[in-house]
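Colleague: no sequence for this one, just the structure:
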């Protein structure tokens, strides 16, 4: 009788222990599902903006114009494959001129500048062993634009061109400077305007691109001239 009683008590305790485990297991599974549900909800709530780009500070900024600016040149994000059509030369001078790469469309000009870039300066020189500003301008205008017959000296090139305002400068216009002190207005230096206030010239540091906004050239600027066939012929 006692043995039967112990047996019944043992079975009863076993059943109690099993019932105590199940809720814990059920609760654990319930927590897992809730956690999983919360995780899935979090993922579902993430908004991905294809027009969002990371700026230099590391923050994300959405742009509605679908354009991406890299350095200072631009390409259209609507047609990303279009970027592949631009040459390394176009990218190089877009950066040097601080202009959109799309504007680097004069292949002859880019090739000419790249061929001569860094050539040393020599007064009276006409080749890559040494060239001066007016010879460089004459050679560029003849090679790139087919303008032949420009006078040899910068002061005569000034006379042979039509005056234009600084605000109306276009690619291929000539920009003139005086370099013998601020008070003297004699033309002693010339370059070819590109765009974005930049011009290419043979300076004492060699062939390079400079800005009209640079302090030196800003204070020594005299004026600009546009070359045309009639002005060149009349100056001969």
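Modeller: Received the coordinates, thanks. Bear in mind the structure is a predicted one, so any value in this text is a computation, not a measurement.
Colleague: Quick check: mean pLDDT of stretch 102-116?
Modeller: What stretch 102-116 shows for mean pLDDT is 96.
Colleague: Run through who's touching it.
Modeller: Outside of stretch 102-116, the residues within contact range by C-beta atoms under 8 Å, 6 or more residues apart in numbering are 74-75, 86, 89-94, 97, 128, 131, 136, 140, 143-144, 171, 194-195, 200, 207, 209. For glycine as for every other residue, the C-beta is placed from the backbone atoms N, C-alpha and C.
Colleague: Mind giving me the ChimeraX command for buried ones among those residues?
Modeller: Buried residues among the contacts of stretch 102-116 (16 or more other C-beta atoms under 10 Å), as a ChimeraX selection:
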select :74,75,86,90,91,92,93,94,97,131,136,140,143,144,194,200,207,209
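Colleague: ok, the residue nearest to residue 213 when sequence neighbours are not counted to residue 97 distance?
Modeller: Excluding the flanking residues, the one nearest residue 213 by C-beta to C-beta, 6 or more residues apart in numbering is residue 197, at 5.4 Å. For residue 197, the distance to residue 97 (C-beta to C-beta, to the nearest Å) stands at 9 Å.
Colleague: same check, this time on residue 208
Modeller: Distance of residue 208 to residue 97, computed by C-beta to C-beta: 12 Å.
Colleague: And for residue 207?
Modeller: In this structure, residue 207 and residue 97 are 15 Å apart, going by C-beta to C-beta.
Colleague: just residue 106 next, same as before
Modeller: Note on residue 106: its distance to residue 97, by C-beta to C-beta, is 11 Å.
Colleague: Then residue 136?
Modeller: Noted for residue 136: a distance of 17 Å to residue 97, by C-beta to C-beta.
Colleague: Same check on residue 85?
Modeller: 19 Å.
Colleague: Quick check: buried residues in stretch 172-188?
Modeller: Neighbour-count burial for stretch 172-188 flags 172, 173, 174, 175, 176, 177, 178, 179, 187, 188 (criterion: 16+ other C-beta under 10 Å).
Colleague: Name the nearest of those relative to residue 154.
Modeller: When the buried residues of stretch 172-188 are ranked by distance to residue 154 (C-beta to C-beta), residue 187 comes first, at 5.2 Å.
Colleague: No further questions, thank you.
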